[in-house]
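K.L.:
mind folding the following:
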Amino acid sequence: MDKYFKLTERGSTIATEFRAGTATFMTLCYILAVNSRLLSDSGGPCECSPELAEDFACRFYDPVYEECVENFRRQLVTVTALSAFLACFMMGAFANLPFALAPGMGLNAYFTYDVVGFRGTGGVPWRTAMAAVFIEGIIFLILAVTGFRVKFAQAIPQSIKLATTGGIGFFLAQIGRASCRERV
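P.N.:
Model prediction:
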């Protein structure tokens, strides 16, 4: 293991890496609960009962809709765990880098609350937004494979990169504040 991951060469040990991996895992565990709750707030593919489908407000009182959203949330827990596992495994096994990868909360919050809207109250239907995300993924894959992704990243000034990080933090704080107000 030391030979493949070059631990000694990097000044580390198996024990250190195990402790670091455990701490990282514990730090990222919140993603399972938060990501699934956040994305299920969009309502996902859920629709109201046929007899209530004409009433848009049914998304807030229809038991069939509520059950669908809860099932969707449970599916998202599984998908989040599997995607994070796969990404982390590939990063360690193939790139030989000690980076943990998990879904990005800022983009998911933007998708849920600004694009699709809470329970589908936004301007873009969930299925349309998911199609756009799929196409975006294909474009990012092409940019990464061709090497243009690096050129785009290098073209962004450092001040913009730092400001974006802070902006995402403020956006997540705003969502947390709104969420707390909603529950009180």
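
K.L.:
OK, contacts around the residue lying closest to residue 133 once chain neighbours are set aside?
P.N.:
Distance criterion C-beta to C-beta, 6 or more residues apart in numbering; nearest residue to residue 133, sequence neighbours excluded, is residue 111 at 7.2 Å. For every residue, glycine as well, the C-beta is placed using N, CA and C. Neighbouring residues of residue 111 by C-beta atoms under 8 Å, 6 or more residues apart in numbering: 39, 42, 129, 133.

K.L.:
for those, which entry has the maximal number of neighbours?
P.N.:
residue 42 (25 neighbours; other C-beta atoms under 10 Å).

K.L.:
helix/strand/coil for it?
P.N.:
At residue 42 the chain is in coil, as set by DSSP: H, G, I helix; E, B strand; the rest coil.

K.L.:
what's near enough to touch it?
P.N.:
Residue 42 makes contact with 111-112, 116-120, 126, according to C-beta under 8 Å, 6+ apart.

K.L.:
got the phi and psi for it?
P.N.:
phi -70, psi -20 (degrees, to the nearest 10).

K.L.:
can you tell me how far it is from residue 50?
P.N.:
Plainly put, residue 42 is 21 Å away from residue 50 if you go by C-beta to C-beta, to the nearest Å.

K.L.:
so what secondary structure elements neighbour the longest helix along the chain?
P.N.:
Once the chain is assigned using DSSP state H, the helix that runs over the most residues is helix 63-93. On a contact count with 3 or more C-beta pairs under 8 Å, 6 or more residues apart in numbering; DSSP states H and E, helix 63-93 meets helix 30-40.
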